[in-house]
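Colleague: Could you look at this predicted model? Sequence included:
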Amino acid sequence: MFQNYQKEAFFDEMFGNDSNTSLPHYQLLENRFTRLQQKELIEKQRLVNHGFLEQGITFTVYGDDKGTERIFPFDLIPRIIPNDEWQTVEQGLTQRIIALNLFLNDIYHDAKIIKDGIIPESVVKEAAHYRPEMCGVDVPKDIYLQICGTDLIRDDKGKYLVLEDNGRCPSGVSYLLENREAMKRAFPQLYRECGVRPVDNYPELLLKTMQHLSPRAGQTPVCALLTPGVYNSAYFEHTFLARKMGIEIVEGRDLIVLNGYVFMRTTHGLVQVDVIYRRLDDDFLDPRVFRKDSMLGVPGLMEAYLCGNVALANAVGTGVADDKVTYAYVDDMIRYYLDQEPILESVPTYLAWRDEDRKYILDNLESLVVKAANESGGYGMLMGPSSTAAQRAEFATKIKENPRNYIAQPVVSLSRHPTICKDNAIEGRHIDLRPFILYGDKIEIIPGGLTRVALNKGSLIVNSSQGGGSKDTWVLYK
Amino acid sequence: MLSRVANSLYWLSRYLERAENLTRLVAVNRYADLDSIESPSSSNDTLWHPLLYATAAQENYDKAKEAAGKDIDVNWFITFSISDGDSIRSCIAQARENARMVRDQISEEIWLELNSFHLFMQSQEAEALWKDRPEDFYRRTIKACMLFSGLINATILHDEGWHFIEAGRFLERADKTTRVLDMLAFESDPDRGKLASALRSCSAFSAFRAESRGEVTLENVVDFLLFSPSFPRSVRFCLRQIDKQLHSISGTSDGSFSNEAERLAGSTLAQLNFSNIQSVQSIGYHDYFDELQQQFNKIGRQIFETYILLPQEINSLPQYDRTQWQWQQQQQQ
């Protein structure tokens, strides 16, 4: 099955850099797939897809009036990470979330990092998600980022790099958990033989993380998950997590604030809520403080939050930490707050508001990736090498008009992974990895993460909205 | 329980019950048509069509017909149309939409079955089966609906949410049985075939035989479908269930009430408990059924106002602009 496989000039997760035999931790998988008949493979894929559709593990395609639901394409060849490699990643992520939290606490209090000249004040204050309302506010247990999804990639040498942090409402963890269930059904024997570390305790860990924040001592905290509603593309994930944690899933209209406390509207009157896992951006949380036109939020919620009567996960204002300009300073934060060298490196980043960087960006648009500072989901990007002259001109204008909003990075040739493509041929496709980090009583990272794969040939964009799919990620015991 | 969740469970169950009742009606009507010489409905003599009357779809049908500029098969319309809020297909879709909102409250089995049946109803396969072997199609639909009620009874906690589900189911059923009766009342002198169809639409033929042992006359059929104490689709049976479920929700003891929904359900039940076919006849069939239906509507509205709206806060609810609302929900990271 792998005999015609072309590695080309990329780091290949299964074959490494230059060998033609698979790496040791992929050998059981190679044997299994080599024995697999085309027919069997097609049948397994059919069953898995059917299962996703039947269970409604779907996302909604935006801009489609009929509310079409699609499954997130799933590739049957799992990505495998040996344990020692994972240990390093885990340490790097732990270091990073600690630094990001210290940073958030700092900028909303004494702003030492600005005073000490490590980060310019403008970078922080001009970030779209910076919330002056949070200045001087103490958040429960001083934790801002309880749930973080950090995107990792591997370069042409196989080195792990941080691509970005998602510190507002990162999504994808339900796919990770469902992918695992699908793989266990499709390849039970192989799964067992490989010795894969389980991930299914994530909902419990998440619940513990939330309960840790409760402002009411001495009783089981009432937690709720706040969703934007059924039209959100991650709605499946919201119900999935609420169900697995055994907590209520609420919409803004289910909550009401009275005398600075938050209550759920139930059939037997009002019930006080202690902790809200909100999957709603700051902007929409409270129409009295943020967007006035928000129909999804809860009037008065910020007041209750600032009084300390309800905890929010993540805290308000964490968006400044996952801003793409702030990203360029995270390595410095780690040095500044922890006096350590970053374990996971970042991708070199040019900031358009710096004159010399902007000149470099404008001169080298063809070889760079340009990103808008506050966009996600693969929107607002220019992929230099595959862009047209017109697109480059458009971005050049945008960058000159609004330099604070743009950064650029060299194109990293993301590692590739054997993937089942058209006509069941196995070809290399670029992948990334989104691990999920929980920061509660202690820091917990479930082994692995969501491996996203760019299914279009040559594409580097892994987002589901733009032709991306996913794989199960196996972190091994050994 | 969250008010919104209670509302979704209630409607989930109403839509499923509605789908099942519609299916029976269409299946029976189709079958009866095969024996009818004068007015097979395929000839679309639809100035007044009993099926459209019983499903309250006449107006939507007329609109659709006008828009299409030609006749539309009534059976197809009630089974598949989407312009009609209450076709079988759209009832299933709406049940599924409600289930989606409360996925964390219902069992995995209910969701799986409902979602896969919804996918079937939306598919080409469904219409193909309907054209080819309509009997099979309707049997399959009824089976699916029965499967849902079985799963609801056997796989979720019989707690508050379940009481809302049951209240919804029986309110919907009482309404539909009354409509079937009203359909008979509309005809001056329904023949035996029509009476038998009415019984069959409520799956009541053999139960009628066993319990009433009478002839199939209008009087006997009305008596049975209104007053039977033990047939689960009689109006009286349904009302007793509604009364019981509402008391279970509030914890109020039988024979008293703590809100308007309970008071209405209890008094309608009492009125029915102490009536007989003669008192119905003295009021007139149609007027009597019409009054019952109005009572059911009021009970439904009162359930909503008591448990879902929490009146003291109604005024604080913003007015939703639907497009804007959907757009705002689509943020993601």
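Modeller: Noted; the coordinates are in hand.

Colleague: tell me the mean pLDDT over the host helix or strand of residue A:43?
Modeller: Assigned by DSSP states H and E, residue A:43 falls within helix A:38-54. Average pLDDT, helix A:38-54: 90.

Colleague: For that helix, buried residues please.
Modeller: Of all the residues in helix A:38-54, those buried under the rule 16 or more other CB atoms under 10 Å in any protein chain shown are A:41, A:44, A:45, A:48, A:51, A:52, A:53. Every C-beta, even on glycine, is put in place using the N, C-alpha and C of the backbone.

Colleague: and the top helix by length along chain B, what does it pack onto?
Modeller: Criterion DSSP state H: the longest helix present in chain B is helix B:3-35. Under the contact criterion of 3 or more CB pairs under 8 Å, 6 or more residues apart in numbering or on different chains; DSSP states H and E, helix B:3-35 touches strand A:261-266, helix B:50-54, helix B:74-80, helix B:88-101, helix B:134-155, helix B:160-186, helix B:192-201.

Colleague: go with 6 Å
Modeller: For helix B:3-35, the packing partners by 3 or more CB pairs under 6 Å, 6 or more residues apart in numbering or on different chains; DSSP states H and E come out as helix B:74-80, helix B:88-101, helix B:134-155, helix B:160-186, helix B:192-201.

Colleague: could you dump those helices to TSV with mean pLDDT and distance to residue A:281?
Modeller: Formatted as TSV, those follow (pLDDT from 0 to 100; distance: least, CB to CB, whole Å):
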stretch	mean pLDDT	distance to residue A:281
helix B:74-80	90	40
helix B:88-101	91	21
helix B:134-155	94	36
helix B:160-186	93	31
helix B:192-201	89	51
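
Colleague: returning to that earlier point: and the angle from the longest helix of chain B to helix B:88-101?
Modeller: 160 degrees (axes from the mean of the first three to the mean of the last three CA atoms, to 10 degrees).

Colleague: does the residue in the stretch 1-150 of chain B positioned nearest to chain A count as helix, strand or coil?
Modeller: Chain A sits closest to residue B:104 of the stretch 1-150 of chain B, with a gap of 3.6 Å, by CB to the nearest CB. Under the three-state scheme (DSSP: H, G, I helix; E, B strand; the rest coil), residue B:104 adopts coil.

Colleague: one step back: which residues sit against the helix holding residue A:43?
Modeller: A:71, A:76, A:182, A:186, A:424, B:112, B:115, B:116 (CB atoms under 6 Å, 6 or more residues apart in numbering or on different chains).

Colleague: From those residues, keep the buried residues only.
Modeller: By 16+ other CB under 10 Å, the contacts of helix A:38-54 give A:71, A:76, A:182, A:186, B:115, B:116 as buried.

Colleague: Quick check: the last one vs residue B:123, distance?
Modeller: Using CB to CB, to the nearest Å, residue B:116 is found at 11 Å from residue B:123.

Colleague: What pLDDT is listed against the closest residue to residue A:128 other than its chain neighbours?
Modeller: Spatial nearest neighbour of residue A:128, excluding adjacent residues (CB to CB, 6 or more residues apart in numbering or on different chains): residue A:374 at 4.3 Å. Per-residue pLDDT puts residue A:374 at 70.

Colleague: center of chain A - which residue?
Modeller: residue A:149 (3.5 Å; CA atoms, centre = their mean).

Colleague: In contact with residue 107, which residues?
Modeller: In the absence of a named chain, chain A is used. With CB under 6 Å, 6+ apart, residue A:107 has these contacts: residue A:124.

Colleague: nope, chain B please
Modeller: B:155, B:156.

Colleague: The same query, at a cut-off of 7 Å, please.
Modeller: Residues in contact with residue B:107 (CB atoms under 7 Å, 6 or more residues apart in numbering or on different chains) are B:151, B:155, B:156.

Colleague: Compare the residues you listed and tell me which has the most neighbours.
Modeller: Counting neighbours by other CB atoms under 10 Å in any protein chain shown, the top entry in the contacts of residue B:107 is residue B:151, with 19 neighbours.

Colleague: So that residue sits against residue B:112, correct?
Modeller: No: with contacts counted by CB atoms under 7 Å, residue B:151 stays clear of residue B:112, the gap being 9.5 Å.

Colleague: Are there residues contacting both of the two? Which ones?
Modeller: Listed as contacting both residue B:151 and residue B:112 by CB under 7 Å, 6+ apart is no residue at all.

Colleague: Distance check, residue A:416 against residue A:460.
Modeller: 10 Å.

Colleague: Give me the more crowded residue out of these two.
Modeller: Ranked by neighbour count (other CB under 10 Å), residue A:416 and residue A:460 place residue A:416 first, with 24 against 19.

Colleague: can you pull the contacts of the more buried one?
Modeller: Per CB under 7 Å, 6+ apart, neighbours of residue A:416: A:10, A:12, A:428, A:429, A:430, A:431.

Colleague: Inside strands: which ones of the buried ones among the contacts of helix A:38-54?
Modeller: Mapping those onto strands (DSSP state E) picks out A:71, A:76.

Colleague: tell me which of the buried ones among the contacts of helix A:38-54 is nearest to residue A:251?
Modeller: Closest approach to residue A:251 among the buried ones among the contacts of helix A:38-54 (CB to CB): residue B:115, at 21.1 Å.

Colleague: Does the closest one touch residue B:93 like I think?
Modeller: No: contact between residue B:115 and residue B:93 fails when scored by CB under 7 Å: they sit 10.8 Å apart.

Colleague: ok, back up a step: the helix or strand hosting the residue nearest to the centre of chain A near chain B at all?
Modeller: Assessed by DSSP H and E, residue A:149 sits inside strand A:147-154. No: Strand A:147-154 is not in contact with chain B by CB under 7 Å from any CB of the partner chain; minimum separation 7.9 Å.

Colleague: Let me see the contact set for residue 123.
Modeller: In the absence of a named chain, chain A is used. Residue A:123 neighbours (CB under 7 Å, 6+ apart): A:325, A:326, A:329.

Colleague: that's the wrong chain, I meant chain B
Modeller: Taking CB under 7 Å, 6+ apart as the definition, residue B:123 has no contacts.

Colleague: That one and residue B:98: what is the separation?
Modeller: 21 Å.

Colleague: same question, residue A:152
Modeller: With distances taken as CB to CB, residue A:152 is found 39 Å from residue B:98.

Colleague: repeat for residue B:180
Modeller: Taking CB to CB, one finds residue B:180 at 25 Å from residue B:98.

Colleague: who's more crowded, the two?
Modeller: residue B:180 (26 against 23).

Colleague: Wait, the more buried one touches residue B:203, no?
Modeller: No: under the criterion of CB under 7 Å, residue B:180 makes no contact with residue B:203, lying 11.0 Å away.
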